[in-house]
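Trainee: Predicted model follows, preceded by the sequence.
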Amino acid sequence: MTVIGVDDTDSRDRGMCTTYLAARIAERAAEVASVERLLLVRLNPAVEHKTRGNAALAVHTDADSETAFEIAREEVAAVAETDDPRTNPGLVVAPGTPEAVPESVAEFAEKAVRDLHEVEDAEQIVEDAGYRSAGWKMGRGKIGALAAVGAWRAFGEDGAVGGTKTGVGGADWTYECISYREPERVGTPREVDADSVFEAANAAYPAAWDTVDRETGELVCVPHTPGPILHGIRGDDPETVREVAEAIESEPVERRVLFVTNQGTDAHLRDGSLSEVEDGRAYCVTGTVAEEPENRRGGHVFFSLEEETEALRCAAFEPTKRFRDRVRDLRPGDRITACGEVADGTLKLEKFAVRELNSTELVTPDCPDCGRSMKSAGAGQGYRCRDCETSAPGKVEREVGRELEKGWYEVPPEARRHIAKPLIRGGFDAPIHPEK
């Protein structure tokens, strides 16, 4: 058995896709040996140097390691977008079964989903393990390639990566069936029948998720960026994602490939306190809303979360669309769990859970005799009704109607990160209010 790991071969501007490279490697490996699975591992989404979705790929095959290395090296050299200054491909080939990689490799893979690595870290572990590797340009892709090699052991056959106290993370492996375009069509507008996508998506929901955004009509499964992917269907089981992919009417499909993946699992999130958060990582943190959410230029919404003497700025950015309305519904005194990546000291909200709602506000008292609003009697002297000569010592509490309910809220499908877990998948520690 051999594990081939590759990463950082695509480009934000030029297209390509590392999943396509992995599919090509698997196809060639299948000519000389069997291929057990293709693994698509989403790594820490907060990594500064990622090209797009920060996916690393592994091919599990019976090809001997020498043959596997030569095949993979040829394919990376043939299709990687090395003209992009941000693209720095890496390849790691490990002899042995994916379950038998050294503990150091498994630990490296687990950390790569939630933390940060340097190329030198990967190269040292590769050397210690006796693996073959190759890097192009800066070779930064060796980090993801090694993480892909160790992912199967790191997360276990059920995909567990620990989980959080909030019920987020630690989910099982999921699946994506990706359909690829004919090479001569790459770079032209994609031809996909929207009605067939919605029909297939509705029939398979919720086993297949994030296929469409039912409120906006967006075809979430169809990328907008240049590249070889026609559409990608994500879900909980391989049969469902294949069936949805096959039901979509579109331009001709060059090839269709099934990946085992950690997408839709929240594997990147860790429990933390407001005092522990660091840039470049993703957390679930609990605190109290300290101020009214503020609308800022560009359509972004900000508020501050506090716990004892610590504070953290949270933001729902414009691309999260209607999710911002849920954030605007928050009030000072609400207690919530906020989840998302931290960058520049700000938590970028992916979902949040309402734990306690502040359903009262302090208002000027009404006169018990005439019902009119009392007036201030002066600083520190309470309130009085000048007509009735009644008085009150200070403001009184009044019930406030709330749109929000207790439970989890999330960004819509069109704004969801690949690794983020849709609420409809379940396993959360409070009621859910899913977006479809």
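Mentor: Thanks, I have it.
Trainee: Could you confirm residue 117 falls within a strand?
Mentor: No - with DSSP: H, G, I helix; E, B strand; the rest coil as the criterion, residue 117 is located in coil rather than a strand.
Trainee: Let me know how buried it is, in neighbour terms.
Mentor: Applying other Cβ atoms under 10 Å, we find 20 residues neighbouring residue 117. For every residue, glycine as well, the C-beta is placed using N, CA and C.
Trainee: Let me see the backbone angles for it.
Mentor: As for residue 117, its main-chain torsions (degrees, to the nearest 10) stand at phi -130, psi 160.
Trainee: Can you tell me the closest non-neighbouring residue to it?
Mentor: Leaving aside its sequence neighbours, residue 117 sits nearest to residue 143 (Cβ to Cβ, 6 or more residues apart in numbering; 4.8 Å).
Trainee: Repeat that for residue 368.
Mentor: Nearest non-adjacent residue to residue 368 (Cβ to Cβ, 6+ apart): residue 390, at 6.1 Å.
Trainee: try residue 110
Mentor: Take residue 110 and drop its neighbours on the chain: the residue closest to it by Cβ to Cβ, 6+ apart is residue 154, 4.4 Å away.
Trainee: for residue 212, what are its contacts?
Mentor: By Cβ atoms under 8 Å, 6 or more residues apart in numbering, residue 212 lies in contact with 197, 198, 201, 218, 219, 220, 221, 413.
Trainee: partners of the fourth one in the sheet?
Mentor: What it means is residue 218. residue 213 (DSSP bridges).
Trainee: could you list every residue that touches it?
Mentor: 212, 413, 414.
Trainee: The last one contacts residue 217, correct?
Mentor: No - at 9.6 Å, residue 414 and residue 217 do not qualify as touching, with contact defined as Cβ atoms under 8 Å.
Trainee: From the neighbour counts alone, determine which of those two ranks first.
Mentor: Neighbour count, other Cβ under 10 Å: between residue 414 and residue 217, residue 414 has more, with 18 against 10.
Trainee: measure that one to residue 249 for me?
Mentor: Counting by Cβ to Cβ, to the nearest Å, the separation of residue 414 from residue 249 is 21 Å.
Trainee: So, low pLDDT: which residues of the protein?
Mentor: 12-15, 50-52, 157-171 (pLDDT under 70).
Trainee: Tell me which stretches of it form helices.
Mentor: Counting by DSSP state H, one finds helices in the chain at the ranges 18-29, 65-79, 103-114, 119-129, 141-155, 194-204, 238-247, 323-328.
Trainee: before we move on, the earlier item: where neighbours are concerned, which of the contacts of residue 212 has the most?
Mentor: Of those, with other Cβ under 10 Å as the count, residue 221 tops at 28 neighbours.
Trainee: returning to what we had before: closest to residue 325 among the contacts of residue 218?
Mentor: Ranked by distance to residue 325 (Cβ to Cβ), these are led by residue 414 at 15.1 Å.
Trainee: residues touching the closest one, list them.
Mentor: When contacts are counted by Cβ under 8 Å, 6+ apart, residue 414 is found next to 213, 216, 218, 220, 321.
Trainee: how much space between it and residue 199?
Mentor: Using Cβ to Cβ, we find residue 414 at a distance of 19 Å from residue 199.
Trainee: Next: residue 307.
Mentor: The span separating residue 307 from residue 199 equals 47 Å under the rule Cβ to Cβ.
Trainee: what does residue 100 give?
Mentor: For residue 100, the distance to residue 199 (Cβ to Cβ) stands at 44 Å.
Trainee: Then residue 77?
Mentor: 42 Å.
Trainee: cool, and residue 118?
Mentor: Per Cβ to Cβ, residue 118 is found 48 Å from residue 199.
Trainee: then the longest strand anywhere in the chain to CSV, C-alphas only?
Mentor: Ordering each strand of the chain by length in residues (DSSP state E) puts strand 346-356 first. The C-alpha trace of strand 346-356 is given here as CSV (Å, rounded to 0.1, in the frame of the first residue of the first chain):
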residue,chain,number,x,y,z
THR,A,346,-11.7,39.9,14.9
LEU,A,347,-13.8,36.6,14.9
LYS,A,348,-15.4,36.2,11.5
LEU,A,349,-18.7,34.6,12.4
GLU,A,350,-19.6,31.3,10.7
LYS,A,351,-22.4,30.4,13.2
PHE,A,352,-23.5,31.3,16.7
ALA,A,353,-25.7,29.8,19.4
VAL,A,354,-28.0,31.9,21.6
ARG,A,355,-27.6,30.6,25.1
GLU,A,356,-29.6,33.3,27.0
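Trainee: Parallel or antiparallel, which strands does it pair with?
Mentor: strand 310-316 (parallel), strand 335-343 (antiparallel), strand 407-410 (antiparallel).
Trainee: Same list (these) but as JSON lines, adding mean neighbour count and distance to residue 373.
Mentor: Formatted as JSON lines, the strands paired with strand 346-356 follow (neighbours: other Cβ atoms under 10 Å; distance: least, Cβ to Cβ, whole Å):
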{"stretch": "strand 310-316", "mean neighbour count": "20", "distance to residue 373": "35"}
{"stretch": "strand 335-343", "mean neighbour count": "22", "distance to residue 373": "31"}
{"stretch": "strand 407-410", "mean neighbour count": "22", "distance to residue 373": "35"}
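Trainee: Quick one, which of those gets closest to residue 291.
Mentor: Distances from residue 291 to each of the strands paired with strand 346-356 were compared using Cβ to Cβ; the minimum, 9.9 Å, belongs to strand 310-316.
Trainee: Distance-wise, check the closest residue to residue 435 other than its chain neighbours relative to residue 342.
Mentor: Computed as Cβ to Cβ, 6+ apart, the closest residue to residue 435 that is not its neighbour in sequence is residue 412, at 4.5 Å. As for residue 412, its distance to residue 342 is 22 Å (criterion: Cβ to Cβ).
Trainee: wait, doesn't the residue nearest to residue 117 sit right on residue 113?
Mentor: No - proximity of residue 143 to residue 113 does not meet the contact threshold set by Cβ under 8 Å, at 11.7 Å.
Trainee: Show me what counts as buried in stretch 101-116.
Mentor: Within stretch 101-116, the residues that count as buried by 16 or more other Cβ atoms under 10 Å are 101-102, 105-106, 108-116.
Trainee: Likewise for stretch 10-24?
Mentor: 10-11, 14-24.
Trainee: now stretch 232-247
Mentor: For stretch 232-247, a neighbour-count test (16+ other Cβ under 10 Å) marks 232, 233, 234, 235, 236, 240, 241, 242, 243, 244, 245 as buried.
Trainee: any idea how far the second one lies from residue 152?
Mentor: I take that to be residue 233. When residue 233 is compared with residue 152 (using Cβ to Cβ), they lie 22 Å apart.
Trainee: Ok, the last one next?
Mentor: Residue 245 sits 24 Å away from residue 152, taking Cβ to Cβ as the criterion.
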